[in-house]
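1. When you get a sec, could you give me coordinates for this:
(one chain, ligands or ions: 2)
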Amino acid sequence: MASRDPLPIDQNHVDCWTRVRDRLLKEYGEATFNSWLKNIELDAVKGSHVLMSLPTKFLRDWVINNYANRIRQIWCQEDPSLQSIDIQVRETTTPVQEIQSPEATPPESATVIPVEAGMDKDAQDSIASQLDPRFTFENFVVGKSNELAYAAARRVAEAKDTIPFNPLYLYGGVGLGKTHLMHAIGHAITENCPHKKVRYLSAEKFMYRFIRALRYKDTMNFKEQFRSVDVLMIDDVQFIAGKDTTQEEFFHTFNALVDQNHQIIISGDRSPTDLEGMEERMRSRLGWGLVADIHPTDYELRLGILQSKVEQAQIDIDGRILEFLAHRITSNVRELEGALNRVLAYSDLVGRAVTLESTQEVLRDLLRANDRRITIEEIQKRVAEHFNIRMSDMHSSRRARAVARPRQVAMYLAKQLTSRSLPEIGRKFGGRDHTTVMHAVKKIDELREGDLSLSEDIDLLKRMLEN
Ligand code: ADP
Ligand code: MG
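-> Ligands and ions are numbered 1, 2, ... in the order given. Here you go, the predicted model:
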């Protein structure tokens, strides 16, 4: 680092720079860091002024516009005697080749801002290499929340000579399968119609390609590339909301493709009408074809997805663990998959089968975050209603089976549906001991095996409590 610099830099500043870099890496993540910040070199520190450099003007401008403030703040925090920074373009003979090619990055990291010198390598791009092989229709589990989006995606993928709807606009919250469906469409089309030219990219990547084309005065080529495809898929279109020139270019590309009767597929995190910062004409165009939203998952779908994952991976795991995860990790599918992977990795590491206990232990933080704050009181109330006993019986010391059993069910549900500890649960049940709760959980677990009607009661209660 900074080895080119003929001026010696104070070792303190060199160390400080290492810390600044570490923090930048942590804050922005590896992908962004590697694309933008990795090539910053420390050139000199003059008084309270830090001088750094980057190999190209484009890089420098981007970093100045997007990261300079934060870089300055971190410098000042690490060494309060410093007050200002500047980043110059350094004169060097072989800078740009060192910069990572974005084509090497997988599609999910399309958020990475790719910087390349010279001409585009798009001509050599094959769509297959940009698509995640796991994201196929076969691997997509269909449920109520995503059936419309799935059916629409299939229709588009299977259409031979007609365009069923243009554009297909898929929207929904993060981690609900939008990218998965788009890749699945890509796989299916390249399989069914190998002659078709398919392009998939994130709106972000579209923007960087466009900016780069502007910079290299290569916009003709850019336009040509995008307007000659048969199927264009742009993921996370909300990214270009508020980015006016990119939006304008996208609008023209969009119109050109629609005019030629070529298929466009767009995803976004919200409906076209809700895209703030998007021009009205663009919003209305996005809604021209079919708009399909993906809703948050329900329990059945989450369980289905988990089952399909373990089946594919041929992993033997207690069904109750999957049920537990499907009940408790409700945020989105990405987190659900992450949770399963963590549990499996842990069991692999310690060489023991996964248990409910270890699952709760390993996922403590995630479970907290996903806690839909079902309260113990709520559980008690529902259970009391369901079994026709008084709420006060949840706290009482009556031991008659007619009240003791429902009370045990409530404790069992409290353990399953909240992240309260056994002693905490005990306290809420008239100050019972944690061993009583433990016993109740075990007892109900055992009874569920043989008692179908109890098992159904419990499932019903769970569903009611979760909705
Ligand atoms: P989005 O693009 O909506 O943020 P992704 O498509 O990236 O979400 O999905 C996140 C993860 O969840 C991916 O690994 C994807 O394979 C998985 N996933 C989402 N929905 C489903 C589903 N219905 N069946 C199987 N896997 C799914
Ligand atoms: Mg996505």
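2. CA atoms for contacts and neighbours, from now on please.
-> Will do.
3. Leaving out sequence neighbours, find the closest residue to residue 454.
-> residue 448 (6.3 Å; CA to CA, 6 or more residues apart in numbering).
4. Residue 441 versus the one you found, what's the distance?
-> Between residue 448 and residue 441 the computed distance is 11 Å (CA to CA, to the nearest Å).
5. Between the two, which contacts overlap?
-> Taking CA atoms under 8 Å, 6 or more residues apart in numbering as the contact rule, residue 448 and residue 441 have no neighbour in common.
6. More neighbours: those two, which one.
-> residue 441 (22 against 16; other CA atoms under 10 Å).
7. mind checking pLDDT for that one?
-> Listed pLDDT for residue 441 reads 96.
8. That one contacts residue 414, correct?
-> No - the criterion here is CA atoms under 8 Å, and residue 441 misses it with residue 414 at 9.4 Å.
9. Tell me where the stretch 151-300 of the chain has strands.
-> All strands of the stretch 151-300 of the chain, identified by DSSP state E, counting those that start in this stretch, fall at 168-172, 198-202, 231-235, 263-268, 290-294.
10. Could you dump the ones you listed into JSON lines and include mean pLDDT, distance to ligand 1 and mean neighbour count?
-> Shown next, in JSON lines, are the strands of the stretch 151-300 of the chain (pLDDT from 0 to 100; distance: least, CA to the nearest ligand atom, whole Å; neighbours: other CA atoms under 10 Å):
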{"stretch": "strand 168-172", "mean pLDDT": "96", "distance to ligand 1": "6", "mean neighbour count": "26"}
{"stretch": "strand 198-202", "mean pLDDT": "93", "distance to ligand 1": "10", "mean neighbour count": "23"}
{"stretch": "strand 231-235", "mean pLDDT": "95", "distance to ligand 1": "8", "mean neighbour count": "24"}
{"stretch": "strand 263-268", "mean pLDDT": "97", "distance to ligand 1": "8", "mean neighbour count": "25"}
{"stretch": "strand 290-294", "mean pLDDT": "96", "distance to ligand 1": "8", "mean neighbour count": "21"}
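11. how about JSON lines for the ones you listed, with distance to residue 300 added?
-> JSON lines is the format used below for these (distance: least, CA to CA, whole Å):
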{"stretch": "strand 168-172", "distance to residue 300": "19"}
{"stretch": "strand 198-202", "distance to residue 300": "30"}
{"stretch": "strand 231-235", "distance to residue 300": "27"}
{"stretch": "strand 263-268", "distance to residue 300": "25"}
{"stretch": "strand 290-294", "distance to residue 300": "15"}
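12. what's the closest of those to residue 48?
-> Closest to residue 48 of these is strand 198-202 (CA to CA; 40.8 Å).
13. Just the CA trace of that closest one, in PDB.
-> This file holds the C-alpha atoms of strand 198-202, laid out as PDB (Å, rounded to 0.1, in the frame of the first residue of the first chain):
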ATOM      1  CA  VAL A 198     -32.300 -13.400 -23.200                       C
ATOM      2  CA  ARG A 199     -30.800 -10.800 -20.900                       C
ATOM      3  CA  TYR A 200     -31.100 -10.700 -17.200                       C
ATOM      4  CA  LEU A 201     -29.700  -7.900 -15.100                       C
ATOM      5  CA  SER A 202     -30.500  -5.800 -12.000                       C
END
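14. contact partners of the helix or strand hosting the residue nearest to residue 454?
-> Taking DSSP states H and E as the definition, residue 448 sits inside helix 434-450. Helix 434-450 has contacts (CA under 8 Å, 6+ apart) with 408, 409, 411, 412, 415, 422, 423, 424, 425, 426, 454, 455.
15. what's the helix or strand harbouring the last one in contact with?
-> Looking back up the chat, that one is residue 455. Secondary-structure assignment from DSSP H and E places residue 455 in helix 452-466. Applying CA under 8 Å, 6+ apart, the contact partners of helix 452-466 are 374, 378, 379, 382, 383, 409, 413, 447, 448, 449.
16. Any idea how far it is from the middle of the chain?
-> Centre-to-centre, helix 452-466 and its host chain are 31 Å apart (CA atoms, centre = their mean, to the nearest Å).
17. And stretch 303-318, what's buried?
-> Across stretch 303-318, burial judged by 16 or more other CA atoms under 10 Å covers 303, 304, 305, 306, 307, 309, 310.
18. As JSON lines, those residues with pLDDT would be great.
-> JSON lines is the format used below for the buried residues of stretch 303-318 (pLDDT from 0 to 100):
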{"residue": "303", "pLDDT": "97"}
{"residue": "304", "pLDDT": "97"}
{"residue": "305", "pLDDT": "97"}
{"residue": "306", "pLDDT": "97"}
{"residue": "307", "pLDDT": "96"}
{"residue": "309", "pLDDT": "93"}
{"residue": "310", "pLDDT": "93"}
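19. check the residues you listed against ligand 1, which are close?
-> residue 305 (CA under 6 Å from any ligand atom).
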